[in-house]
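A.B. asks: I'll drop the sequence and a predicted model, then ask my questions.
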Amino acid sequence: MEMNEVFLKLEGIKKSFGGVEALKGVDLEIKKGEIHCLAGENGCGKSTLIKVISGAHDATEGNIYIEGKKIEHLNPIDAIRLGIQVIYQDFAVFPNLTVAENIAMNRALMTGAKKMDWKKARELAVMAMEQIGAHMNPDILVERLSVANKQMVAICRAIINDAKLLILDEPTTALTAKEVDKLNIIIRRLKAKGIAIVIVNHKLDEIYGIADKLTILRNGENVANGGIEEFDRTRFIKDLTGRDIVETTYRPEKSTEEILRVERFTRNGAFEDVSFVLNKGDVLGITGLLGSGRSEIGDALFGLAPAESGKVFLNEKEISIKSIEDAMNHKIGYVPEDRLTQGLFLDRSIQDNTVAASISKYLIKGKLDHAKMYEVTKEWIKKIGCIAPSPNPDIRTLSGGNAQKMVIAKWLNTEPKLLVLNGPTVGVDVGSKSDIHMILHDLVKAGVGIIIISDDLSELIQNCNKIMIMKNGKASGMLEAATLNETELTHLLSGKKEDNNE
Ligand SMILES: Nc1ncnc2c1ncn2[C@@H]1O[C@H](COP(=O)(O)OP(=O)(O)OP(=O)(O)O)[C@@H](O)[C@H]1O
Ligand SMILES: [Mg+2]
């Protein structure tokens, strides 16, 4: 395949949803064998653009050319036939089919075979895995795979469908640092074969690690485009947000007023003998590798999966957290790790979701004060920087990052005494991230206890004054963030650089 040849060309692409103009005339050129990152703030139109390219959305206006040929009304089947493959965040794999079946199935459907030749399918699947250097047992059920390996299955499936353009929408949100490295190796292999790659990602460091080209969208328009070397960090952030972002570091005044004390917290198989204190003004960061118990601590504090032993004191009074109801009665809020399955009612309006955890505030003589709920939601949309036309639309019409912001707003609206945030800014753009951090710092100043569970080490160092590391269910002592840098923290986290051989 000849490199440097344009595979996809978009001209003046527009897309509206009712009154919302998501794309306002986007031009884009993707060459064969190029790794092209698409960046931009939440709601700027990245996912919408991908859906236009894959035929899932019909553009309202504009032209699409694939390998020089103008395509009228691109539909999803034609897009696949032309070599366009998209890997969404849920990977669209079938958990109760095997690796080989998952990889080979679509191809069978696409070639219109009447009967599935499973032996052939298995061979194809093994071949695809070899091509990208993925090592998985083709005969095990996909439900048993890690997130990273499910993603590999999706990539293999794209390969055997003769992908010429592979699009990945935020592929690294659920991956560990090591898995991101592996994914990058595979992406480079595909590039070497002449496959064009489009990646949507909010993490600047990861973009610098993989991209050849960069396109930045803002508010539905293409605002910058060029080789990645043309964008230093300052220009990148400025083009992305249209403003200068000051990355502040949180360093509170010392206080001895206790907000939360946890003593010998234990849940079998999850965490053991974990003790810590959170004073007024503290922002505590809890980190650790996947499966270290870091999320389970959050789940326990919110009563989702309660601890079996140990004590919790809130404002120096012992409390018992056996259920979510207990936690909410004690004014503990929790922004969960997986917003789409735990944090939101997708078929309800933005307003219903925003007031869902604080509904009693709006109940007057057995009647809900709808006007009040509307006003409050409107205020949160503004304060948290959510791109939404009004409180009325279904929350599923929001972009990924904007939905995440509303999960945070929902818990802030409960006026919590203690707020635990698990991966609060996953999928959130740099500008909004800094806005959210600012809001959290204001809350701490007002006396709210804040715990951030995260594997984003720079986020932890900038926003927490105390950091606790979880390893195999056990907690390290309390570390002072001011004395740490990212490299040191990385080392502490992995316990030197031992390499596990999966
Ligand atoms: N089905 C839909 N109905 C109504 N509005 C929609 C729909 N899909 C997207 N939008 C709107 O279009 C705009 C662009 O959304 P899109 O999902 O493309 O953003 P994004 O750049 O992918 O953001 P994020 O980084 O948060 O994922 C947003 O204002 C969003 O609310
Ligand atoms: Mg998106």
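C.D. replies: All right, it came through fine. Ligands and ions are numbered 1, 2, ... in the order given.

A.B. asks: Please, which helix or strand holds the residue in the chain positioned nearest to ligand 2?
C.D. replies: Ranked by Cβ to the ion, the top residue of the chain for proximity to ligand 2 is residue 47, at 3.2 Å. Any C-beta I mention is one placed from the backbone N, CA and C, and that applies to glycine too. For residue 47, the enclosing helix or strand under DSSP states H and E is helix 46-53.

A.B. asks: Return the list of strands paired to the very next helix or strand once past that helix, each annotated with direction.
C.D. replies: Using DSSP H and E, the helix or strand that follows helix 46-53 in sequence is strand 61-66. In the sheet, strand 61-66 lines up against strand 6-17 (antiparallel), strand 69-71 (antiparallel) (DSSP bridges).

A.B. asks: and the angle for the helix or strand following the longest one with strand 6-17?
C.D. replies: Following the chain from strand 6-17 toward its C-terminal end, the next helix or strand by DSSP H and E is strand 20-31. For strand 20-31 against strand 6-17, the angle by axes from the mean of the first three to the mean of the last three Cα atoms, to 10 degrees is 180 degrees.

A.B. asks: which other residues reach the very next helix or strand once past strand 20-31?
C.D. replies: Following strand 20-31 in sequence order, the next helix or strand is strand 35-40 (DSSP H and E). The contact list for strand 35-40 (Cβ atoms under 8 Å, 6 or more residues apart in numbering) reads 30, 46, 49-50, 187-188, 191, 196-202, 207, 210-218, 228, 236, 240, 429.

A.B. asks: List the ones among these that fall in helices.
C.D. replies: Applying DSSP state H to these, the entries found in helices are 46, 49-50, 187-188, 191, 207, 210, 236, 240.

A.B. asks: chain center to the helix or strand containing residue 373: distance?
C.D. replies: Applying DSSP H and E as the criterion places residue 373 in helix 370-383. Distance of helix 370-383 from the chain centroid (Cα atoms, centre = their mean, to the nearest Å) equals 25 Å.

A.B. asks: What of stretch 238-257?
C.D. replies: 21 Å.

A.B. asks: could I get the ones in helices among the contacts of strand 35-40 as TSV with neighbour count and distance to ligand 1?
C.D. replies: Below are the ones in helices among the contacts of strand 35-40 laid out as TSV (neighbours: other Cβ atoms under 10 Å; distance: Cβ to the nearest ligand atom, whole Å):
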residue	neighbour count	distance to ligand 1
46	28	3
49	28	7
50	20	8
187	20	20
188	12	25
191	19	23
207	20	13
210	19	18
236	20	15
240	24	11
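
A.B. asks: Find the residue ranges of the stretch 351-500 of the chain scoring beneath the pLDDT cut-off.
C.D. replies: For the stretch 351-500 of the chain, residues meeting the criterion pLDDT under 70 lie at 495-500.

A.B. asks: Recalculate using a threshold of 80.
C.D. replies: 494-500 (pLDDT under 80).

A.B. asks: ok now do residue 14, which residues does it touch?
C.D. replies: 21, 23-26, 59-62.

A.B. asks: again with residue 357
C.D. replies: By Cβ under 8 Å, 6+ apart, the residues touching residue 357 are 328, 333, 410-411, 413-414.

A.B. asks: Which of those fall in strands?
C.D. replies: Those of the contacts of residue 357 mapping onto strands are residue 333, per DSSP state E.

A.B. asks: which one of the contacts of residue 357 sits closest to residue 97?
C.D. replies: Within those, proximity to residue 97 (Cβ to Cβ) peaks at residue 410, which comes in at 35.9 Å.

A.B. asks: The closest one contacts residue 353, doesn't it?
C.D. replies: Yes - contact criterion Cβ atoms under 8 Å: residue 410 and residue 353 qualify, at 6.0 Å.

A.B. asks: on that earlier part again, filter the contacts of residue 14 down to the buried ones, PyMOL style.
C.D. replies: Here is the PyMOL selection string for the buried members of the contacts of residue 14, based on 16 or more other Cβ atoms under 10 Å:
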select buried, resi 21+23+24+26+59+62
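
A.B. asks: Let's have the contacts of residue 14 in TSV, adding distance to ligand 1.
C.D. replies: Output for the contacts of residue 14, formatted as TSV (distance: Cβ to the nearest ligand atom, whole Å):
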residue	distance to ligand 1
21	8
23	8
24	11
25	14
26	11
59	13
60	12
61	16
62	15
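
A.B. asks: Serialize the contacts of residue 14 to CSV and add fields for pLDDT and distance to ligand 2.
C.D. replies: Listed next are those as CSV, based on pLDDT from 0 to 100; distance: Cβ to the ion, whole Å:
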residue, pLDDT, distance to ligand 2
21, 94, 16
23, 97, 13
24, 97, 17
25, 96, 19
26, 97, 15
59, 94, 17
60, 94, 19
61, 95, 21
62, 96, 20
